[in-house]
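Novice: after the sequence you'll find the predicted model.
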Amino acid sequence: METGVLRRMLKRAKVWNAVSEDVKALPERQGAVGKVLPSDLKRMLFEAAASKPEWMVAHCAAVLAVSTTCRGVELKNLRWENVDLFTRVASIQRSKTAAGERRIPLNGDAMAALARLLERARHLGSSAPDHFVFPACENLKVDPTRPQKSWRTAWRKLVAETARRAGRNAARGALDAGEGFRAARAAWKRAAAPVRDLRFHDLRHQAITEIAEAGASDATLMALAGHMSRRMLEHYSHVRMAAKRTATDKLESGLMGAPSVEGQPTAAMVN
């Protein structure tokens, strides 16, 4: 980001052309776009999040992220004046980039999370329009004029709890099938692996992937998610095609029958 700012400054000063040939940009990182949980683990994650009152804020934040494509920084800077509960729209006013500023429709899950947070805000006296939806809380004192810094501790604990539940269920299934303790330990590790090290930001990728799988257009994806790199857009386009292929494969029922001669055209094909 800093090099981009420097390049724009040099262009404005009309000296960029003199140094551009000697400047070589670093290659773009090609890491994974993000983790996406299968539906059963996603449900287990949110069941774990709802299991302890001290995880309520992290639970609501997670529901909003996976229901809206919002980044953590966007949720932390959300004020009550940015949320219209009547038209069911949230206005993102502060994001990672200017392209991230957008209006997002709120589905039933997001509305339920905001209703829970509004109830909490009224109890704490932090429901004024300019107050943050996720207010800062230090030493059990809430300051609604500042945004919450992090819900990292609660998030890590509920991710660990989800991994434990997934592993326990898989190990129990292996033991019930008479596969022995070694197989049960292996089943535990396999089941817990997709959840372990799950980042809060992965919920954004979860939401975008599910929207892509539902067949949304590139324009809809970008409008909902805000700024997306070309690599990310290509990734989600691939996800969308894979989902369409899975859907059309379910329509297959052998209507044409087997070919009469492998690889050879029949007379009907040329008549």
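Specialist: That came in fine, so what should we check first?
Novice: residue 34 against residue 202, yeah?
Specialist: Yes. Counting by CB atoms under 8 Å, residue 34 touches residue 202, with 4.8 Å between them. (C-beta placed from N, C-alpha, C; glycine too.)
Novice: of those two, give the one with the bigger neighbour count.
Specialist: The residue with more neighbours, out of residue 34 and residue 202, is residue 202; 20 against 17, by other CB atoms under 10 Å.
Novice: contacts only, for the more buried one.
Specialist: 34-36 (CB atoms under 8 Å, 6 or more residues apart in numbering).
Novice: try 10 Å this time
Specialist: By CB atoms under 10 Å, 6 or more residues apart in numbering, the contact list for residue 202 reads 32-37, 65-66, 159, 209.
Novice: would you turn those residues into a markdown table with distance to residue 94 and pLDDT?
Specialist: Output for the contacts of residue 202, formatted as a markdown table (distance: CB to CB, whole Å; pLDDT from 0 to 100):
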| residue | distance to residue 94 | pLDDT |
| --- | --- | --- |
| 32 | 27 | 60 |
| 33 | 23 | 67 |
| 34 | 22 | 80 |
| 35 | 25 | 87 |
| 36 | 26 | 92 |
| 37 | 28 | 94 |
| 65 | 16 | 96 |
| 66 | 20 | 96 |
| 159 | 26 | 97 |
| 209 | 25 | 93 |
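Novice: buried subset of those?
Specialist: Taking 16 or more other CB atoms under 10 Å as the criterion, what is buried in the contacts of residue 202 is 33-37, 65-66, 159, 209.
Novice: what's the weakest-modelled helix or strand in the protein?
Specialist: helix 267-270 (a mean of 52; mean pLDDT, DSSP states H and E).
Novice: which stretch of helix or strand covers the nearest residue to residue 131 once chain neighbours are set aside?
Specialist: Nearest non-adjacent residue to residue 131, counting by CB to CB, 6 or more residues apart in numbering: residue 144, 3.7 Å away. Per DSSP states H and E, residue 144 falls inside strand 141-147.
Novice: who are the packing partners of that strand?
Specialist: Contacts defined by 3 or more CB pairs under 10 Å, 6 or more residues apart in numbering; DSSP states H and E place strand 141-147 against helix 72-76, helix 108-124, strand 135-138.
Novice: I'd like to check what contacts the last one. Which residues are they?
Specialist: Put plainly, it is strand 135-138. 57, 76, 79, 117, 120-121, 124, 126-127, 142-149.
Novice: redo that, cut-off 6 Å
Specialist: Residues outside strand 135-138 that contact it (CB atoms under 6 Å, 6 or more residues apart in numbering): 126, 142-144, 146, 148.
Novice: and it, how far out from the chain middle?
Specialist: Strand 135-138 sits 24 Å away from the centroid of its parent chain (CA atoms, centre = their mean, to the nearest Å).
Novice: okay, now the sheet partners of it, with direction.
Specialist: strand 141-147 (antiparallel) (DSSP bridges).
Novice: packing partners of whichever helix or strand comes after the partner strand?
Specialist: Downstream of strand 141-147, the next assigned helix or strand under DSSP H and E is helix 152-176. Under the contact criterion of 3 or more CB pairs under 6 Å, 6 or more residues apart in numbering; DSSP states H and E, helix 152-176 touches helix 39-49, helix 180-192.
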